[in-house]
Structures are given as C-alpha cells and as structure tokens.
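> this is a predicted model, with the sequence first.
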Amino acid sequence: MTVPRLPPLSSLRPFEAAARLESFSRAAEELHLTHGAVSHQVRALEEHLGTALFARQGKRVVLTAAGRSFAERVRGALDEIGRAAEAARTRNLNRLSVSVLPSFASRWLMPRLIDFMERHPGLEVSVNASTNLVNFAADEVDIAIRFGRGPWPPLSCEMFLEDEYFPVASPKMNRGKLPKTPADLLAPGVRIIREDRDYWPYWFKAAGVRFEDRVRGPLFNDSTYSLQAAARGEGIALARRSIVEEDLERGVLKRLFTLSVPSVERYWFVAPKESFEAPNVRAFREWVKEELR
C-alpha cells in the first residue's frame, strides 16, 4: 500500500483558519499566532502543493479555485480528526487541567487557586501557563483561559471578564519625579514599555496627545514582563486593570492618570463542546466568576 505524501500537518490549521476567515490577521488572532507565522505556514503549504491557494490583493487574501477545493476537504478532515480524538480520550473527572496566559496565571489565578482546591479536595488541578495555542486533545487540557476578541468556533466559548488599560510606573522611578500630564510621557528620556498588544496609540488618542509612534523603550510579548520592568523603574507600562490591582495595592506600581481606555479584547473560557459542561470544568468556571464578583 502506497502512503500518500502528506503536506506539513502544522500548516493545515493556519490554512483552514485563513481560508474560513479570508484573513491572515484574523486567523492569527484566532490561533494566538503572529500574522507572519500564519503567512509562513501558508507559504510552506503552497510550496509543498506546488500551487497558489490564495490570491493576494493588497492587504486582502482571496482563495483561488484550488484553495477553495482544498479548504473544504481539509476542514472536513480536521473536524473528523477532532471528533475521533475526543471520542478516544477518556476524561478523568477527578482531575482538571487548565491552560492560561502567564500574566493571568501569576497575577490573578495562582494567588487564589488554593481556595478552589480547598473547596474541591478530591480534584487534582494542573495549570499550564503558556502563550501557545492549546491542542485540547493532544495536550490533555480540559479548559483554557484566553484573552482576545473571541469567540473561536467550533469551540465553546464564554466571555467572563472585560478589561481596561491605563499607565503605571514605579513610584521610585526618576527619584519619584513622575510625568504629570499625558504629554509628558513623550518627553525626551521617558521610556515607554510596549507589548505585542499595543494600546498606547488608543490611550494617547483618548488623552488628546498626538502620538505618531514616537515611543522609546522595550517590547514584551506578555504583561508579566512589562509590569516587572515597570516595577523595576525601567519605564512606564500600560497596564490591564485585571492583573495590576495587587501591585497598585502594595505600592509597587502607581497609576499615573485617571484616564483609561477599554480593551477590545476580553477574557474567555474556551473548551471543546464535549467537555465544556463537565462537572470539573463547570465547577472551575463558576468559581472564577464568583471570585470576580
């Protein structure tokens, strides 16, 4: 029996998402990847197949005839693999595996998790803090907490927390001489700490300050590191309320201005439909929402 030559399997999910959403950017957001990573995977798939799957029209991408035909079959195959994996997986209701972003894990979840464990003493809890896209079947993850625009079908998704951004700095930065107006943030010598999710342009616009991307400072891929840098006095970070409250209460960081901007991204519970209402998953979801109340 001749085994068909398979394409790079890691490229199929980015391709399917880009084909379904007709956008590399939206596919990257759904899969928690960068735009460049999705583009690279699609390009590798096209090179393997020897045909163009997308026609590029400026910033837009449109499926070619070959791409449309291939996308339909790939989507069906991925759905079937997902159903087969879920059927083959034996869920242990005495354990709970949670995938969560490092920032939310370290600054919100972990300080409170002992309470959940005391309420459910027979439940073995495992926390995987990572920015990587979770494969629920392969990684044996029961539920994920993700920060994004959502939802992400065909997964079950429940939005449970909205957020906002505002500038923070160490009260000891520059010997306590902190910026007094939003315009002062763009003064020479002031370092602005940025993240992959960059809300600084929105905040400056709300403050009525002409921005023009004149920031100077480090770039981080997770809020944990940007807030740590700010606490060390290395610059001014734009913090999410959900994960900075403890630092503000302890005086490690100081909020500079009352002005905040709402986040277009929110916190979501994400899990396969088959496990979303499992007793252990439901208990965790209800506990998180109770803690937030």
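Right, received. Where do you want to start?

> could you find the closest non-adjacent residue to Ala239?
Val168 (4.5 Å; Cβ to Cβ, 6 or more residues apart in numbering). (Glycine included, C-beta is placed from N, CA and C.)

> any idea what that neighbour is bridged to?
Ala237, Arg255 (DSSP bridges).

> so what's it up against?
Counting by Cβ atoms under 8 Å, 6 or more residues apart in numbering, Val168 makes contact with 227, 230, 236-239, 244, 247-248, 253-256.

> which parts of the stretch 1-150 of the chain are strands?
Per DSSP state E, counting those that start in this stretch, the stretch 1-150 of the chain carries strands over the ranges 54-57, 60-63, 95-100, 124-129, 143-148.

> nearest to Phe54, of the contacts of Val168?
Using Cβ to Cβ, Leu238 comes nearest to Phe54 of the contacts of Val168, at 34.4 Å.

> and the gap between the closest one and Pro7?
41 Å (Cβ to Cβ, to the nearest Å).

> neighbour count winner among those two?
Leu238 (27 against 17; other Cβ atoms under 10 Å).

> now the residue lying closest to the more buried one once chain neighbours are set aside: which helix or strand?
Closest residue in space to Leu238, ignoring its immediate chain neighbours: Tyr165 at 4.9 Å, by Cβ to Cβ, 6+ apart. Element membership for Tyr165 (DSSP states H and E) is strand 164-169.

> what separates the one helix or strand Ser226 maps to from the chain centre, distance-wise?
Using DSSP H and E, Ser226 falls within helix 223-231. Put simply, helix 223-231 sits 17 Å off its chain's centre (Cα atoms, centre = their mean, to the nearest Å).

> what does that helix rub up against?
Taking Cβ under 8 Å, 6+ apart as the rule, helix 223-231 contacts 102-103, 106-107, 168-170, 193-195, 218, 220, 235-240, 243-244, 247, 252-253.

> confirm for me that Ala144 is in contact with Ser97.
No - the pair Ala144 / Ser97 is not scored as a contact, 9.5 Å apart, by Cβ atoms under 8 Å.

> the more surrounded of the two?
Remark: of Ala144 and Ser97, Ala144 carries more neighbours, 24 against 20, as counted by other Cβ under 10 Å.

> now the helices for the stretch 101-250 of the chain?
102-104, 110-119, 200-207, 223-231, 241-250 (DSSP state H, counting those that start in this stretch).

> contacting residues around the spatially most central residue of the chain?
Nearest to the mean C-alpha position of the chain, counting by Cα atoms, centre = their mean, stands Phe147 at 4.3 Å. With contact set as Cβ under 8 Å, 6+ apart, Phe147 has these partners: Leu101, Phe104, Asp163, Glu265, Arg266, Tyr267, Trp268.

> likewise Glu246?
Here Glu246 is in contact with Arg107, Pro111 (Cβ under 8 Å, 6+ apart).

> pLDDT at it, what is it?
Reported pLDDT at Glu246 in the predicted model: 90.

> distance of it from Ile114?
Applying Cβ to Cβ to Glu246 and Ile114 gives a distance of 15 Å.

> now do Tyr199
For Tyr199, the distance to Ile114 - Cβ to Cβ - is 32 Å.

> more neighbours: which of those two?
Neighbour count, other Cβ under 10 Å: between Tyr199 and Ile114, Tyr199 has more, with 22 against 10.

> okay, the nearest residue to the more buried one once chain neighbours are set aside: pLDDT?
Excluding its sequence neighbours, the residue lying closest to Tyr199 (Cβ to Cβ, 6+ apart) is Tyr165, at 4.6 Å. With respect to pLDDT, Tyr165 scores 97.

> can you find the helix or strand in this protein with the smallest mean pLDDT?
helix 65-88 (a mean of 82; mean pLDDT, DSSP states H and E).

> show me what that helix packs onto, helices and strands only.
Judged by 3 or more Cβ pairs under 8 Å, 6 or more residues apart in numbering; DSSP states H and E, helix 65-88 is in contact with helix 12-21.
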